[in-house]
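# let's see this in three dimensions:
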Amino acid sequence: MDKLRFRDFLWDVYEMEYPDSIEERTRLLQNMNLTTDDGNLNLGGLLMFGEQPELIMPQFVVKGIRYPGNEIHASDYLDTEDFVGPLPKIFADVLAFIMRNLHKVQAGRGVNSPGIPEVPKTVFEELLVNTLVHRDYLVSAAIRV
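Next up is the predicted model:
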């Protein structure tokens, strides 16, 4: 378990200090329904606070690739990356990948100003949240973006 991520979550969401004792942490995780009865992280706990969840379940990977144009090529691509880690990290990293590969338009602004994405960022945030939250994590295939 990524203790720093869990500590930050407890403080950000509940304004609660990280428990000192193992028993208190285990009880807290069980009350949050993030562990099994024997104290191991369950699927939700692993997705949110696992250090390297992809080592336990290889399907916890998102694969991103950008092709030139609108055709899928066997070997011709402009950018590719595999995203691993807990869900909040994957969300942030995949969103950054999408935004850096999205076409930008000037929209009447000067050539020295940064362009704005042709599709609003909120569209991809919603799509990505739905993709990560509603997928079947028992299917052994990576999400592809």
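
# only C-alpha atoms from now on, for both contacts and neighbour counts.
Will do.

# and stretch 36-53, what's buried?
Using 16 or more other C-alpha atoms under 10 Å as the test for burial, stretch 36-53 gives 41, 42, 43, 45, 46, 47, 48, 49, 50, 51, 52, 53.

# show me what the helix or strand hosting the fourth one is packed against.
When elements are defined using DSSP states H and E, residue 45 is found to belong to helix 43-49. With contacts defined as 3 or more C-alpha pairs under 8 Å, 6 or more residues apart in numbering; DSSP states H and E, helix 43-49 has these neighbours: helix 3-14, helix 87-101.

# tell me the contacts of residue 130?
Contacts for residue 130 (C-alpha atoms under 8 Å, 6 or more residues apart in numbering) come out as none.

# just to revisit the earlier point, which of the helices and strands packed on helix 43-49 is buried the deepest?
The highest mean neighbour count among the helices and strands packed on helix 43-49, using mean count of other C-alpha atoms under 10 Å, belongs to helix 87-101: a mean of 17.

# gap between that one and the chain center?
Averaging C-alpha positions (C-alpha atoms, centre = their mean, to the nearest Å) puts helix 87-101 7 Å from its chain's average.

# same deal with stretch 46-66?
In this view, stretch 46-66 has its centroid 8 Å away from the chain centroid, taken as C-alpha atoms, centre = their mean.

# now it: mean pLDDT?
Averaging pLDDT along stretch 46-66 gives 90.

# then stretch 74-90?
Stretch 74-90 comes out at a mean pLDDT of 90.

# okay, buried residues for that stretch please.
82, 83, 84, 85, 86, 87, 90.

# can you map out the helices along the protein?
3-14, 22-31, 43-49, 53-56, 87-101, 121-134 (DSSP state H).

# using a markdown table, lay out those helices together with distance to residue 75.
Formatted as a markdown table, the helices of the chain follow (distance: least, C-alpha to C-alpha, whole Å):
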| stretch | distance to residue 75 |
| --- | --- |
| helix 3-14 | 37 |
| helix 22-31 | 45 |
| helix 43-49 | 31 |
| helix 53-56 | 25 |
| helix 87-101 | 18 |
| helix 121-134 | 25 |
